[in-house]
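Visitor: This is a predicted model, with the sequence first.
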Amino acid sequence: MKFRLPFKKDLSKKSKSQVTVNNKNKFAIVESYKIARTNIMFSLSASEKKAFAVTSYSKGEGKSTVASNLAISFSKMESKVLLIDCDLRRPNVHNIFKIDNTKGLADVIGKMINFDQAVQKNVLPGLDILVSGTIPPNPSELMCSSTFTSLVEQLKKEYDYIIFDTPPIGVVADALLLKELIAGFIVVVRERATTHGDLQNLTESIKLADSRVLGIVKVGCSQNERRKGKYYSKFYYNYY
């Protein structure tokens, strides 16, 4: 099943990674994320885990923006939502929301501070954010540690939804370390950037890790291209 999702027109390279849904956005943009949210909820209904990760094949495809906008969209249902920046190599969530990144996930897992000292509450109504924090020398080891697992399991009791922004799977395998903690992955692909081979390699990696693709969000289509009927942004629900 597929759904067309129109996105903001002709963004500059810098602004592509900074656009978040708010009340000033065009109706079509806000509705796009509502559609994605609804269908992700259908995917999650088959799992007891109300946590999912957003990833892509390579950097620059828009995963952090999609993760942020989905977190905002979920929080608008009066749900308690936590967005975690798990990209401990090239974090970006703090840039999108323009918040401090001096302490966060890496510092909590490293037992330098506790979660309550690191989490930034009500960045938007209903939305808490745990940024990446200090860039560690051993991100993979931290992500597969028992401390991280225990933290996530505890947070699942406190939040209705947890959304992880993860590193690109085509670059590092950190995202796949979450497989036991999440219902599955939302995959972000960018028009004229992500190839069919990239998508195939990414989905095969997720399958080999014994996880699942909850859906695919396709972004990066301009308004002019949509008018010509050539390109659309889409959400593929349970495509795999």
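Guide: Received the coordinates, thanks. Numbering: from 1, shown residues only.
Visitor: Show me where the chain has its helices.
Guide: 13-16, 27-44, 63-75, 93-97, 105-109, 115-118, 139-143, 146-155, 196-208, 223-227 (DSSP state H).
Visitor: Who are the contact partners of the residue lying closest to residue 97 once chain neighbours are set aside?
Guide: Once flanking residues are discounted, residue 97 sits nearest to residue 123: 5.7 Å by Cβ to Cβ, 6 or more residues apart in numbering. Heads up, the C-betas are built off the backbone N, CA and C, glycines and all. By Cβ atoms under 8 Å, 6 or more residues apart in numbering, residue 123 lies in contact with 97, 99, 129.
Visitor: will you turn these into a markdown table that also has distance to residue 147, neighbour count and pLDDT?
Guide: Shown next, in a markdown table, are the contacts of residue 123 (distance: Cβ to Cβ, whole Å; neighbours: other Cβ atoms under 10 Å; pLDDT from 0 to 100):
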| residue | distance to residue 147 | neighbour count | pLDDT |
| --- | --- | --- | --- |
| 97 | 25 | 22 | 96 |
| 99 | 24 | 13 | 97 |
| 129 | 20 | 26 | 98 |
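Visitor: Please report how far the residue nearest to residue 181 when sequence neighbours are not counted lies from residue 109.
Guide: Nearest residue to residue 181, sequence neighbours excluded (Cβ to Cβ, 6+ apart): residue 152, at 4.9 Å. Relative to residue 109, residue 152 is positioned 10 Å away (Cβ to Cβ, to the nearest Å).
Visitor: So which of the two has more stuff around it?
Guide: Per other Cβ atoms under 10 Å, whichever of residue 152 and residue 109 has more neighbours is residue 109, with 24 against 20.
Visitor: can you pull the pLDDT of residue 64?
Guide: For residue 64, the pLDDT comes out at 96.
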